[in-house]
Each structure stands twice: as structure tokens, then as C-alpha cells.
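[1] Fold the following.
(one chain, ligands or ions: 2)
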Amino acid sequence: MIIGLTGSIASGKSTVSEMLKELGYPIVDADKVARLVVEPGSETLQEIEALFGKEIILPDGSMDRKKVGELIFNDPASRKKLNDVIHPAIRVEMIRQRSELLNNGHEIVIMDIPLLFESRLQHMVDKVLVVSVTEENQLKRLMERNGLTEKEAKARISSQLPMSVKEEGADAVIYNNGAIEETKWQLNRILEQWREKSTEE
Ligand SMILES: CC(C)(COP(=O)(O)OP(=O)(O)OC[C@H]1O[C@@H](n2cnc3c(N)ncnc32)[C@H](O)[C@@H]1O)[C@@H](O)C(=O)NCCC(=O)NCCS
Ligand SMILES: Nc1ncnc2c1ncn2[C@@H]1O[C@H](COP(=O)(O)OP(=O)(O)OP(=O)(O)O)[C@@H](O)[C@H]1O
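    Ligands and ions are numbered 1, 2, ... in the order given. Sure thing, here's the model as predicted:
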């Protein structure tokens with residue numbers, strides 16, 4: 001069974017992903033893959049440089065993530081240009097990692113994909129698990145974690161689909177507004193149900 005873990009920015013996907021890792025599940029992490037495919041010297045990074053210019057390359061040859069973030073979270077046209085170049089590369093590597101884990105005998109694989117709904121990747125997974133937060137908590141946590149102003153944080157939030165749309169498309173939702181222990185409890189209940197069902201089938 002492939003479980004797609006998603007949610008909006010700063011909803012708590014990495015927090016839940018860490019819990020799943022501790023439980024022993026293998027994870028394919030789209031944010032990590034997104035870093036891998038733009039390593040210095042990669043073809044994808046060369047294409048991004050061709051799009052946005054030399055200014056987005058740091059002296060050590062790596063991508064200036066802060067600069068690219070400022071560009072794409074404030075301008076939908078630039079975001080689309082980046083997505084068109086980087087998303088195909090991310091998809092290929094995620095599929096490769098998923099196959100490797102399945103071939104190694106893992107029966108359950110977690111795919112942590114922040115933009116699962118935006119990129120219409122539901123077909124890549126059997127179950128969709130959405131981590132949800134209230135708008136208030138999301139804004140507060142994003143500003144704190146990334147040291148962003150309210151305006152910057154709101155630009156990032158509005159570059160994604162609304163939380164409600166993601167909840168509607170979910171097989172299960174974790175409400176990550178309370179204590180971490182409550183989140184863990186919800187996760188365990190959902191996994192129990194899905195594991196029971198998959199052994200019945
Ligand atoms: C713009 C970049 C350079 C900013 O890097 P930074 O280190 O500041 O953020 P990080 O990569 O950790 O992403 C944080 C979160 O931002 C959101 N986000 C990232 N890219 C996008 C995007 N293109 N559209 C909407 N939201 C996005 C996701 O919720 C993600 O979890 C980076 O996010 C990137 O390369 N984005 C394009 C690849 C992508 O779409 N990644 C998302 C998972 S497929
Ligand atoms: N239940 C919680 N209570 C308080 N803080 C939390 C809780 N869950 C997560 N956080 C904090 O909120 C922030 C966002 O969580 P996390 O990084 O897991 O989100 P994310 O969905 O992975 O974000 P992104 O989409 O940017 O990768 C982090 O600083 C995290 O420590």
C-alpha cells in the first residue's frame with residue numbers, strides 16, 4: 001500500500017512524516033527529492049539558471065533557495081516556469097525511489113508530497129492522508145519556523161490550494177492543532193484502520 005502524505009505549507013507533514021519514520025515506515029520525501037535534483041552541476045539546475053539568470057546561483061554552485069523562493073512565491077508566472085522544469089525531474093526520482101522500496105519487500109511506503117493535489121498526483125498513491133491545521137495556526141507556525149513577515153507567509157500560503165479542498169480529497173485527515181501526542185494518537189488510529197482493511201482484502 002502506498003500512502004500519500006500531504007497538506008498545506010506548515011500544516012505538520014514533516015512532523016507526521018518523522019512519526020512514521022520512527023514507526024519504521026520507509027518514506028519518499030518530495031521536498032528532499034526537490035533538493036536532490038538541483039544539486040550543483042545537474043541538468044535541472046542549469047535549466048533553472050537559464051530561466052532566472054546567474055543571480056540564483058550561489059558562489060559554491062548551489063541554488064540560492066531564498067532568492068528562488070522570493071521569486072516564485074510572489075509571482076505565479078515564475079512559479080509555473082519553475083514547476084514546469086523541476087516537477088518532471090522530481091516525479092522521475094520519486095517513482096524510482098518508490099520502486100526501489102517496493103522491490104526491497106516493503107509492503108507499505110509513505111510518499112510525502114506537499115503538492116499532491118496541486119500537481120494531481122493522486123494516481124501515484126492508494127490512500128491520501130491529509131495533515132490539516134487552522135489558518136491561524138498555519139500562519140503563526142509558518143512565520144515562526146521560517147522567520148517570515150505576515151505578508152511573506154500569506155504569499156506562500158496562497159500559492160497552494162485551500163486546506164478545505166485537500167480535506168475533501170482525503171481518505172483520512174489528521175487535525176494537527178493540539179498537542180503532538182494528540183496528532184500521534186490520530187495517526188496510529190488511521191494506520192490501524194488501514195492495516196486492518198488491507199489484510200481483510
Ligand atoms: C522554492 C524553493 C527553492 C524554496 O526553498 P525552501 O528551502 O525555502 O523551501 P522548501 O523546499 O523546504 O519548501 C517548503 C514548502 O514550500 C512549499 N512549496 C515549495 N515549492 C512550491 C511550489 N512550487 N508551489 C507551491 N508551494 C511550494 C511546500 O509546501 C514545501 O513543503 C523550493 O521549495 C523549490 O525548489 N520548490 C520547487 C519544487 C517543489 O515544487 N517542491 C514542493 C514539493 S514537490
Ligand atoms: N502540534 C503542533 N504543535 C505546535 N507546533 C507544531 C505542531 N506540529 C507542528 N508544529 C510546528 O509547526 C511548524 C510546521 O510543521 P512542519 O514543518 O511539520 O510542517 P510541514 O507541513 O512539513 O511544512 P512544509 O510544507 O513547509 O514542509 C514546525 O515548526 C513544527 O515544529
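[2] use CA for all of it now, contacts and neighbours both
    Noted.
[3] check contacts around the residue nearest the centre of the chain.
    Note on the chain: the residue nearest the mean C-alpha position is Pro114, at 2.4 Å, using C-alpha atoms, centre = their mean. Listed by C-alpha atoms under 8 Å, 6 or more residues apart in numbering, the contact set of Pro114 reads Leu5, Thr6, Gly7, Ser8, Ile9, Lys13, Ala30, Asp31.
[4] Return the helix or strand in this structure with minimum mean pLDDT.
    Ranking every helix and strand in the chain by mean pLDDT, DSSP states H and E puts helix 180-200 at the bottom, with a mean of 92.
[5] Help me see whether that helix makes contact with ligand 2, please.
    Yes: applying C-alpha under 6 Å from any ligand atom, one finds helix 180-200 touching ligand 2 at Ile180.
[6] buried set for that helix?
    Thr183, Lys184, Leu187, Ile190, Trp194 (16 or more other C-alpha atoms under 10 Å).
[7] Among these, which one lies nearest to ligand 2?
    For the buried residues of helix 180-200, the residue nearest ligand 2 by C-alpha to the nearest ligand atom is Thr183; the value is 6.5 Å.
[8] Tell me the spacing between Ser14 and Leu51.
    30 Å (C-alpha to C-alpha, to the nearest Å).
[9] Can you name the residues that contact Leu121?
    No contacts exist for Leu121 under C-alpha under 8 Å, 6+ apart.
[10] ok, back up a step: neighbour count: Ser14 and Leu51, which is higher?
    Set Ser14 next to Leu51 and count neighbours by other C-alpha atoms under 10 Å: Ser14 wins out with 17 against 14.
[11] That one sits in which helix or strand?
    Take DSSP states H and E as the rule and Ser14 turns out to sit in helix 13-22.
[12] what angle do that helix and helix 180-200 make?
    60 degrees (axes from the mean of the first three to the mean of the last three C-alpha atoms, to 10 degrees).
[13] What is helix 13-22 packed up against?
    strand 2-7, helix 180-200 (3 or more C-alpha pairs under 8 Å, 6 or more residues apart in numbering; DSSP states H and E).
[14] Return the least confident helix or strand of the chain as PDB; C-alpha atoms alone will do.
    C-alpha atoms of helix 180-200 as PDB (Å, rounded to 0.1, in the frame of the first residue of the first chain):
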ATOM      1  CA  ILE A 180       1.900  16.500  19.400                       C
ATOM      2  CA  GLU A 181       0.700  13.500  21.400                       C
ATOM      3  CA  GLU A 182      -2.900  14.000  20.000                       C
ATOM      4  CA  THR A 183      -1.500  14.100  16.500                       C
ATOM      5  CA  LYS A 184       0.400  10.800  17.100                       C
ATOM      6  CA  TRP A 185      -2.800   9.200  18.500                       C
ATOM      7  CA  GLN A 186      -4.800  10.200  15.400                       C
ATOM      8  CA  LEU A 187      -2.100   8.800  13.100                       C
ATOM      9  CA  ASN A 188      -2.000   5.500  14.900                       C
ATOM     10  CA  ARG A 189      -5.800   5.100  14.700                       C
ATOM     11  CA  ILE A 190      -5.800   5.700  11.000                       C
ATOM     12  CA  LEU A 191      -2.900   3.300  10.400                       C
ATOM     13  CA  GLU A 192      -4.600   0.600  12.400                       C
ATOM     14  CA  GLN A 193      -7.800   1.000  10.300                       C
ATOM     15  CA  TRP A 194      -6.000   0.900   7.000                       C
ATOM     16  CA  ARG A 195      -3.800  -2.100   8.000                       C
ATOM     17  CA  GLU A 196      -6.900  -4.000   9.200                       C
ATOM     18  CA  LYS A 197      -8.700  -3.200   5.900                       C
ATOM     19  CA  SER A 198      -5.700  -4.200   3.700                       C
ATOM     20  CA  THR A 199      -5.400  -7.600   5.500                       C
ATOM     21  CA  GLU A 200      -9.200  -8.200   5.100                       C
END
